[in-house]
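Chemist: Turn this into a structure:
(one chain, ligands or ions: 1)
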Amino acid sequence: MPEDGAPAVEVAGLVRRFGSVEAVRGIEFAVRPGEIFGFLGPNGAGKSTTINMLCTLLRPTEGSARVAGFDVVRERDEVRRNIGLVFQDPTLDGYLSGEQNLRFHAELYGVPRAVLPERMRRVLEMVGLWDKRGDRVQTYSGGMKRRLEIARGLLHSPRVLFLDEPTVGLDPQTRSSIWDYIRDLRATEQITIFMTTHYMDEAEYCDRIAIMDSGRIVALDTPERLKAGVGKDRVQIRTDDDQAAIGALAERFGLAATVAEGAVTFAVSSGEAFVPRLFAELGMPIRSVSVSRPSLDDVFMSFTGSTIRDAEGSSKDWMRMAMRGRSR
Ligand SMILES: Nc1ncnc2c1ncn2[C@@H]1O[C@H](COP(=O)(O)OP(=O)(O)OP(=O)(O)O)[C@@H](O)[C@H]1O
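Modeler: As a prediction, the model looks like this:
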């Protein structure tokens, strides 16, 4: 049995090989109960493989993992009973009402009949869909469907909720209301949230972030500390000849610049102090300049060598696999 205060997720020496491919190379981390934990990384980093092991769909080659206090290999059923999954791609049945979709899920999870009406009301009220429960899901908006999926993921009172890009493709207002809801949830249910996202502003809401690259956890800390660790400001300049500017930056200042977001971009330890020198010594006209403090994008870039946007579209399939695995 899990002890109170034990980590919600605890991973030690976890390895997964597929033939000669080592997808996960001995990772260690722990997620505290009640934490919102962000899991980021470029394509092929090993995120899905890790999550699939945590959800008991894939056996580790080596090492161990405990979720909600249970071992993912030896106590697979207990792990499954204690986790909720919210898919990126909708898996609701459009012909059924919101309520019928939830009943179906309750049946799969063996939610006791006696507690079902009260739980159903609670999760539907939480996501603001109680009044719409009788409507067919095909009449719901994208945001309502996602909220219903979250309600469904919570119906069996999981201790750890895995969310795969919970707000992808939604408008900013719906994204923000889903986040309000996720934070409320953490406050009221003491649930642990383990999520993937490609939105850096959302990663900012996480208590801690793990960045995975090439099978390893390359960074794990609070967003604030990760940003502070980058230690450099980002400077972007617009010129009439980007290649000439890149050459001049290398020659005169020894800086390695690239073109990002349509501007010549480079990092220096103090942007404010550098800008006057830049104008004086670059030797070519600068149309505009902007200096920004390190963002999580810079953190991601410094650990993985790519921007989070390049990594977009990853980890789409694991939740689908998860669903298939569970309904067997
Ligand atoms: N079933 C499999 N058989 C063989 N190789 C696999 C299998 N699953 C994953 N891999 C490989 O393991 C590595 C990690 O893949 P994984 O899907 O875990 O990465 P990811 O971080 O989730 O990437 P994405 O964001 O693209 O989903 C990749 O090199 C991938 O090709």
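
Chemist: Quick one: residues contacting the residue nearest in space to the middle of the chain.
Modeler: By CA atoms, centre = their mean, the chain has its centre lying nearest to T196, at 1.8 Å. By CB atoms under 8 Å, 6 or more residues apart in numbering, T196 lies in contact with G38, F39, L40, K47, I51, L163, D164, E165, S314, S315. Every C-beta, even on glycine, is put in place using the N, C-alpha and C of the backbone.

Chemist: Let me see the confidence value for the last one.
Modeler: Looking at S315, its pLDDT reads 40.

Chemist: And for G254?
Modeler: pLDDT at G254 comes out at 93.

Chemist: can you list the domains in this structure?
Modeler: 9-227, 232-292 (the TED database).

Chemist: So, low pLDDT: which residues of this structure?
Modeler: Counting by pLDDT under 70, the ranges of the chain that qualify are 1-4, 87-90, 307-328.

Chemist: That one against the ligand: which residues are in contact?
Modeler: Residues of the chain lying near the ligand by CB under 6 Å from any ligand atom: 18, 21, 23, 41, 43-49, 314-315.

Chemist: Format those residues as a markdown table; extra columns: secondary structure and neighbour count.
Modeler: Shown next, in a markdown table, are those (DSSP: H, G, I helix; E, B strand; the rest coil; neighbours: other CB atoms under 10 Å):
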| residue | secondary structure | neighbour count |
| --- | --- | --- |
| F18 | strand | 11 |
| V21 | strand | 11 |
| A23 | strand | 21 |
| G41 | coil | 29 |
| N43 | coil | 13 |
| G44 | coil | 15 |
| A45 | coil | 25 |
| G46 | coil | 23 |
| K47 | helix | 25 |
| S48 | helix | 26 |
| T49 | helix | 24 |
| S314 | coil | 21 |
| S315 | coil | 23 |
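
Chemist: Backbone dihedrals for I193, both of them.
Modeler: phi -120, psi 120 (degrees, to the nearest 10).

Chemist: residue contacts, it?
Modeler: So I193 contacts E35, I36, F37, V160, L161, L163, I182, L185, R186 (CB under 8 Å, 6+ apart).

Chemist: quick one: the second one from L116, how far?
Modeler: Counting by CB to CB, to the nearest Å, the gap between I36 and L116 amounts to 28 Å.

Chemist: Compare those two (neighbour count), which wins?
Modeler: Neighbour tally, I36 and L116, criterion other CB atoms under 10 Å: the higher count belongs to I36, 23 against 15.

Chemist: Nearest to the ligand among the residues of the chain next to the ligand?
Modeler: Ranked by distance to the ligand (CB to the nearest ligand atom), the residues of the chain next to the ligand are led by S314 at 2.1 Å.

Chemist: Count the neighbours of the residue of the stretch 101-250 of the chain at minimum distance from the ligand for me.
Modeler: With CB to the nearest ligand atom as the measure, M212 is the residue of the stretch 101-250 of the chain nearest to the ligand, at 6.4 Å. The burial count assigned to M212 is 24, neighbours taken as other CB under 10 Å.

Chemist: So it is in contact with V218, correct?
Modeler: Yes: with contact defined as CB atoms under 8 Å, M212 and V218 form a contacting pair (6.9 Å).

Chemist: Common neighbours of those two, please.
Modeler: With CB under 8 Å, 6+ apart, M212 and V218 have no common neighbours.

Chemist: From the chain's centroid, how far away is stretch 160-168?
Modeler: 7 Å (CA atoms, centre = their mean, to the nearest Å).

Chemist: Okay, buried residues for that stretch please.
Modeler: V160, L161, F162, L163, D164, E165, P166, T167, V168 (16 or more other CB atoms under 10 Å).

Chemist: Which ones among the contacts of I193 lie within helices?
Modeler: I182, L185, R186 (DSSP state H).

Chemist: who touches the last one in this structure?
Modeler: By CB under 8 Å, 6+ apart, the contact set of R186 is G34, I36, I193.

Chemist: What spatial separation is found between the first one and R80?
Modeler: When distances are taken as CB to CB, G34 and R80 turn out to be 21 Å apart.

Chemist: So between the two, which is more surrounded?
Modeler: R80 (22 against 14).

Chemist: Could I get the phi/psi values of that one?
Modeler: Main-chain dihedrals, R80, degrees, to the nearest 10: phi -60, psi -40.

Chemist: from memory it sits against V67, does it?
Modeler: No: applying CB under 8 Å as the test, R80 and V67 come out as separate, 9.3 Å apart.

Chemist: what do these two both touch?
Modeler: Overlap of the contact sets of R80 and V67 (by CB under 8 Å, 6+ apart) consists of C55, T56.

Chemist: before we move on, the earlier item: reformat the residues of the chain next to the ligand into CSV and put distance to L148 next to each item.
Modeler: Converted to CSV, those look like this (distance: CB to CB, whole Å):
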residue, distance to L148
F18, 35
V21, 37
A23, 33
G41, 28
N43, 29
G44, 32
A45, 30
G46, 31
K47, 25
S48, 24
T49, 29
S314, 25
S315, 22
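
Chemist: What's opposite V268 in the beta bridge?
Modeler: D233 (DSSP bridges).
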